[in-house]
Structure formats: structure tokens, C-alpha cells
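Trainee: Structure here, sequence nowhere to be found:
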């Protein structure tokens, strides 16, 4: 970036934000109004009907798409992961501190008591939360090359809640484990 020695030279140079803002206003305004739009002391002419049709198409697409629906329930998120298959309790161990001071970064480990052989292994592990805005907190894919069915990460927790970890095995069965966590300082809360 060019450095100026005197304040008078700096004042003569256009500010990048003003130039970009003016150009954006000219393009958007011209596309929406189908003509020239005054920008500062100059008039920016928007050429080509394609720009106007593209802006109109974009605007109609944005308004015609429905807003995403509310997050599914915890059971719905687990059903989506398992494909509706039954989930049995056991084999999955969730390790997390029972009392968390700060929900912004919470260490979590999930292990599955199952061998990791080519013909019989854990395919995936997913972690779900009861009260986070997004119920599926993390998802991990595993292969027989993993020495053990264990994953560790850090997650965010909105408030005190139940965490559920579900493991999908190569035979198609699903196993789960859960734990309750108390969070004193909440994170990831949507208004």
C-alpha cells in the first residue's frame, strides 16, 4: 500500500471502501432499476440486460426458498444417522467432565468396545447433544486400519444437557452410550 508523506496527499486519494461501496451500489441499483444510478458525482451506467435478469433471478430465488425449519429433535437426528435402525445401549463409552466451567471448548472422548478387524469393525461414531442448536455435534468415519475405535475432540455446549454417542458397526448394528453434563457458562446459543 502506498504511503503518503503529507496529509493533503492522503485526502486526495479515494478510500477503497468508498470506491467499492459506490461500485456495488451502482451495480445493484442499476440492475434493480434497469438504468443509470448516480454514485457520488458520477453516474454509473449498467450495461446489458443480463445483469438485470441475473439480479432479478437471484432475488426471486432468495425469496422463494423457504427458511430452514427448526432443528429436528435429538431422536430425529439419531434416526437420521442410523437410517431408522434400532440402537442398542452398551459398547460405547463417552468420557467428558461431569461439570464444565466453560461450554465454549469442552474436551470429549468416545471409545467403542469392539475389535477393529477387516471383517468386523466400527464404521462411524457420531455425537449428539440434546440442547445445542444443531443436535449432531460431531461425526467420525473409521476403518479397520484404525488401531482402536476411539476418537477425541473438543466441542461446544449450549447449556447443561445429555450427550449421546452412537457407533455404527460393519454388520449394520448401532450401539450407544450417553452422559449428562452440567455447564456453568453456556456457549453457542441462538437468539
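Mentor: Happy to help now that I have it. Note that the coordinates shown come from a computational prediction; the quantities given were computed from them, not determined experimentally. Residues are numbered from 1 along each chain as shown.

Trainee: average model confidence for the strand ranked longest in the chain?
Mentor: Counting residues, the longest strand in the chain under DSSP state E turns out to be strand 174-185. Here strand 174-185 scores 94 as its mean pLDDT.

Trainee: Which elements pack onto that strand?
Mentor: For strand 174-185, the packing partners by 3 or more C-beta pairs under 8 Å, 6 or more residues apart in numbering; DSSP states H and E come out as strand 87-89, strand 92-95, strand 99-102, strand 106-112, strand 161-169. Where you see a C-beta, it was placed from the backbone N, CA and C, and this is true even at glycine.

Trainee: Kindly recompute the last result at 6 Å.
Mentor: For strand 174-185, the elements it packs on are strand 87-89, strand 92-95, strand 99-102, strand 161-169, judged by 3 or more C-beta pairs under 6 Å, 6 or more residues apart in numbering; DSSP states H and E.

Trainee: what are the pairing partners of that strand, and which direction each?
Mentor: Each strand paired with strand 174-185, and its direction, by DSSP bridges: strand 87-89 (parallel), strand 99-102 (parallel), strand 161-169 (antiparallel).

Trainee: quick one: contacts of the shortest one?
Mentor: Counting contacts by C-beta atoms under 6 Å, 6 or more residues apart in numbering, the residues outside strand 87-89 that touch it are 174-176.
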